[in-house]
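>>> Predicted model and sequence below, questions to follow.
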Amino acid sequence: MSEHLTVVDHPLVQHKLTLMRDKGTSTAGFRRLLREITQLLAYEITREMPLTTTTIDTPMEEMEAPILAGKKLALVSILRAGNGMLDGVLELIPSARVGFVGLYRDEETLQPVQYYFKAPEGLKDRTVIAVDPMLATGNSSAAAIDLLKEAGANDIRFLCLLASPEGVALMKEKHPDVPIVTASLDRQLNEKGYILPGLGDAGDRMFGTK
């Protein structure tokens, strides 16, 4: 993928996103919509995955048919909200390997602190898709990408539901080689680092917490 930022404007993506933004949407509805919209976004982010061919027998004849090349894709959830996007991608790519990055924001320094990291082996030979519904300040996302690169990943893509201009700018500065795919580039961040107009806290809405 060459574009640093891809906004998926497919009508189904935009329709489902509107339902997710609505504060009246239930926790169960939000979770279901997130899985559905993630599947649609995953089509876009996997568009340029490398193919090779294999010989198969159809009911009619033998043929050379396209198949994904290389090692299985690695899907990495940025905890906790990223977990809501895992199922959508795994339904499309059930053989994907899965990893997790746990980060929290230090309230004094506002910098991300790592508390968990577990990634599949052989990241340098895999396409890695990092998932997190919100690209807000970009600090946690950039820190997660740092950890993946330290673990050997060199083909990383970032999949999110919403992005802020501030978060996209920070990611472009820190990781210009990591393309971002999102359903919407929203207006701005507020003083607390929440995306406007946004949809609130994705983790809280997904898991029913406050």
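That came in fine, so what should we check first?
>>> Secondary structure element for the closest residue to Asp87 other than its chain neighbours, which one?
For Asp87, ignoring the flanking residues on the chain, the nearest one in space by Cβ to Cβ, 6 or more residues apart in numbering is Arg35 at 5.0 Å. For glycine as for every other residue, the C-beta is placed from the backbone atoms N, C-alpha and C. Applying DSSP states H and E as the criterion places Arg35 in helix 27-45.
>>> pLDDT of that helix, averaged?
The average of the pLDDT scores along helix 27-45 is 93.
>>> One more: stretch 131-139?
In this model, stretch 131-139 has an average pLDDT of 92.
>>> Equivalent analysis for stretch 195-203, please.
90.
>>> Distance from that stretch to the middle of the chain?
Between the mean C-alpha point of stretch 195-203 and the mean C-alpha point of its chain there is a distance of 16 Å (Cα atoms, centre = their mean, to the nearest Å).
>>> can you list contacts of it?
Counting by Cβ atoms under 8 Å, 6 or more residues apart in numbering, stretch 195-203 makes contact with 20-21, 23, 34, 80-81, 84, 133-134, 136, 161-164, 186-190, 194, 205, 209, all of which sit outside it.
>>> cool, stretch 57-73 as well?
Applying Cβ under 8 Å, 6+ apart, the external contacts of stretch 57-73 come out as 46, 49-56, 93, 95-97, 122, 125-129.
>>> Only whichever of the residues you listed are buried, select them in ChimeraX.
The ChimeraX command for the buried members of these (criterion: 16 or more other Cβ atoms under 10 Å) is given here:
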select :46,49,93,96,97,126,127,128,129
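>>> just checking, which of the contacts of stretch 57-73 belong to strands?
Judged by DSSP state E, the contacts of stretch 57-73 include Leu51, Thr52, Thr53, Thr54, Thr55, Ile56, Arg97, Val128, Ile129 as members of strands.
>>> what are the bridge partners for the second one, then?
The reference is to Thr52. Note on Thr52: beta-bridge partners by DSSP bridges are Ile67.
>>> Who are the contact partners of it?
Applying Cβ under 8 Å, 6+ apart, we find Thr52 in contact with Pro66, Ile67, Leu68, Ala69.
>>> Near the last one, how many other residues are there?
Meaning Ala69. Around Ala69 sit 11 other residues, with neighbours defined as other Cβ atoms under 10 Å.
>>> Quick check: end-to-end length of stretch 45-62?
End-to-end distance for stretch 45-62, by Cα to Cα, to the nearest Å: 31 Å.
>>> for the ones in strands among the contacts of stretch 57-73, which one is nearest Glu3?
Closest approach between the ones in strands among the contacts of stretch 57-73 and Glu3, by Cβ to Cβ: Ile129, at 15.7 Å.
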